[in-house]
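1. Predicted coordinates and the sequence they were generated for:
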Amino acid sequence: MMAFKILVTSQKGGVGKSTLSANLVAYLSRSLHSAVTLIDWDPHGSSSNWLKQAPPVGAVIQHLALPVDQGGNRPIFEARLQMRRAASECDILVCDLTWSDSLAGELMFEFDMVLVPTSVSEIELAATSGFLSRHRWVFDSAAAKRPMLVVCPTRVLNEQLNSDVFTKQRFPVSFMLAPPILEAQSARDLFERGYLMDARDTGGESFREFGEAICAAREIRMAQSQQPRATPVKLTAKDTSSHRVPLTPSKASVLESIPNASQYSVLGRYKQRKLANETEETSSKHSLAQMGIPEFLKRLARGNSAKL
C-alpha cells in the first residue's frame, strides 16, 4: 500500500508551520499507531529538531535539502526521489516546506493532502489568499489525483473565534477548513520538550481536535481515491461552487457541506449537534472546552454568511 503523503507548507513564516508539522507527526504516530516519517525541507530544521529533542514517538526524522534556488524541474525531481525513498518504508509521510515562487506548482500533485497554516490577521490572510489564488489551478484541477487542500487556522486568539474570515470571496478555491489551533503558552513551553497533544490547556485541547480532523480528512481522501471520479465542473466567474466527489455514506457523514460555497469544514455532524444543544441550554459565553467547536467554524459548516 502506498504511503499517504501530506505537505505542510506556507509562503510566509511565523504562522506555526513547523510547530504544526512536528506535532502532527507525533499525533499521527501515537494515535494511529502507524509508521510515520517526517521530511523537513525547511533550512532552519525547526520541526525535525523538535522531534529529535522531544521524547521519541517512533517516527523517522529526516532533515533534507532541496535545490529550491535553482528553479526549473530540479527541485521537483529531487523531491520525488527523496519522497519515493521515504514513502517505501512508512504509512504516512509528512513534508515540511516553506514555499518559494521558484518552485513549480506541479510538486503539489505528488501529495494526497496539502495543509496550509495561517493566522487570522489581515496580513496573514492576504498572504495566504494570494498563495492559494496563484495555485488554484492545482486544487481545482480536473486531474484525477489533485491534492486535498486543508486550510489550518493557527495561533488563534479567543477573541478571534467569532470572526467570519474564511469566505469564498477571500479564498476562491476549493478547500476544507480545519478546527483552529489556539494560541497558548504551551506551544512555547513544549518546544523540543514535549507535544501539544499532551498539554492540558486550551492549546492542547484545540490541537487534539485538529488532529482528529486531519485523521478524518485522511480517511475521506482515501475513500475518494477508491471511487470512480465524478465529472468535473468547470468553474466560471459566476459559479465558484466546488464539485464534491461522491463519498461512501459512512465517510460522507464526517463532513458537513456548505451550500453554494467553495469549501468544506472538517467537522463531524455529531459535534455540530452537540454544540447546538449546548447553545440552546445557555446563552452565556463558553470556553473552548465547553463549546467543542468555535462559533465561526460552526456558522461556516451551516452555511451562514452573516457578518458580526
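-> Nice, thanks for sending it over. Numbers count the residues shown, from 1 in each chain.
2. Surely Ile76 and Ser102 touch.
-> No: counting by Cβ atoms under 8 Å, Ile76 does not reach Ser102; the two are 11.1 Å apart. C-beta: built from backbone N, CA, C; applies to glycine.
3. Tell me where the chain has strands.
-> Taking DSSP state E, the strands of the chain run over residues 4-10, 36-40, 60-63, 92-98, 113-118, 148-153, 175-177, 256-257, 263-265.
4. circling back to that earlier point, neighbour count for Ile76 and Ser102, which is higher?
-> Taking other Cβ atoms under 10 Å, Ile76 and Ser102 do not tie; Ile76 has more neighbours (17 against 13).
5. per-residue confidence for the more buried one?
-> Looking at Ile76, its pLDDT is 92.
6. how near is it to Asp189?
-> With the distance defined as Cβ to Cβ, to the nearest Å, Ile76 ends up 38 Å from Asp189.
7. Equivalent analysis for Leu182, please.
-> Leu182 is 14 Å from Asp189, by Cβ to Cβ.
8. Around the nearest residue to Gln82 once chain neighbours are set aside, count how many other residues there are.
-> Leaving aside its chain neighbours, Gln82 sits nearest to Leu64 (5.5 Å; criterion: Cβ to Cβ, 6 or more residues apart in numbering). Other residues near Leu64 number 16, with proximity taken as other Cβ under 10 Å.
9. Might you list the low-confidence residue ranges for this protein?
-> 1, 228-308 (pLDDT under 70).
10. biggest helix in it, by residue count?
-> Determined from DSSP state H, the single longest helix within the chain is helix 202-225.
11. burial measure for Arg193, as a count.
-> 10.
12. List the residues that contact the closest residue to it other than its chain neighbours.
-> Leaving aside its chain neighbours, Arg193 sits nearest to Ala54 (5.9 Å; criterion: Cβ to Cβ, 6+ apart). Each residue near Ala54 by Cβ atoms under 8 Å, 6 or more residues apart in numbering is listed here: 22, 26, 190, 192-195.
13. Neighbour-wise, give me the winner out of those.
-> Ala22 (32 neighbours).
14. Stretch 89-107: end-to-end distance?
-> 21 Å (Cα to Cα, to the nearest Å).
15. Which positions within that stretch qualify as buried?
-> 90-99, 103, 107 (16 or more other Cβ atoms under 10 Å).
16. Same question for stretch 127-141.
-> For stretch 127-141, by 16+ other Cβ under 10 Å, it's 127-129, 131-132, 135-136, 138-141.
17. and these as CSV, adding distance to Val173?
-> Converted to CSV, the buried residues of stretch 127-141 look like this (distance: Cβ to Cβ, whole Å):
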residue, distance to Val173
Ala127, 15
Thr128, 11
Ser129, 9
Phe131, 10
Leu132, 5
His135, 8
Arg136, 5
Val138, 9
Phe139, 5
Asp140, 6
Ser141, 11
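18. Which members of the residues you listed occur in helices, if any?
-> Using DSSP H, the buried residues of stretch 127-141 in helices are 127-129, 131-132, 136, 138-139.
19. Pick the one among those residues closest to Gly13.
-> Ala127 (10.3 Å; Cβ to Cβ).
20. roughly how far apart are that closest one and His33?
-> 37 Å.
21. now do Arg85
-> Arg85 is 23 Å from His33, by Cβ to Cβ.
22. Between these two, point out the one with more neighbours.
-> Arg85 (13 against 10).
23. check contacts around the more buried one.
-> No contacts exist for Arg85 under Cβ under 8 Å, 6+ apart.
24. Could you rerun that using 10 Å?
-> 37, 39, 62, 64 (Cβ atoms under 10 Å, 6 or more residues apart in numbering).
25. and if you look at Trp99?
-> Trp99 neighbours (Cβ under 10 Å, 6+ apart): 7, 9-12, 17, 68, 105, 107-108, 116, 131, 134-135.
26. Export these as a markdown table, with columns for distance to Arg146.
-> Formatted as a markdown table, the contacts of Trp99 follow (distance: Cβ to Cβ, whole Å):
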| residue | distance to Arg146 |
| --- | --- |
| Leu7 | 13 |
| Thr9 | 15 |
| Ser10 | 19 |
| Gln11 | 20 |
| Lys12 | 24 |
| Lys17 | 22 |
| Val68 | 23 |
| Gly105 | 11 |
| Leu107 | 13 |
| Met108 | 8 |
| Val116 | 15 |
| Phe131 | 17 |
| Arg134 | 16 |
| His135 | 11 |
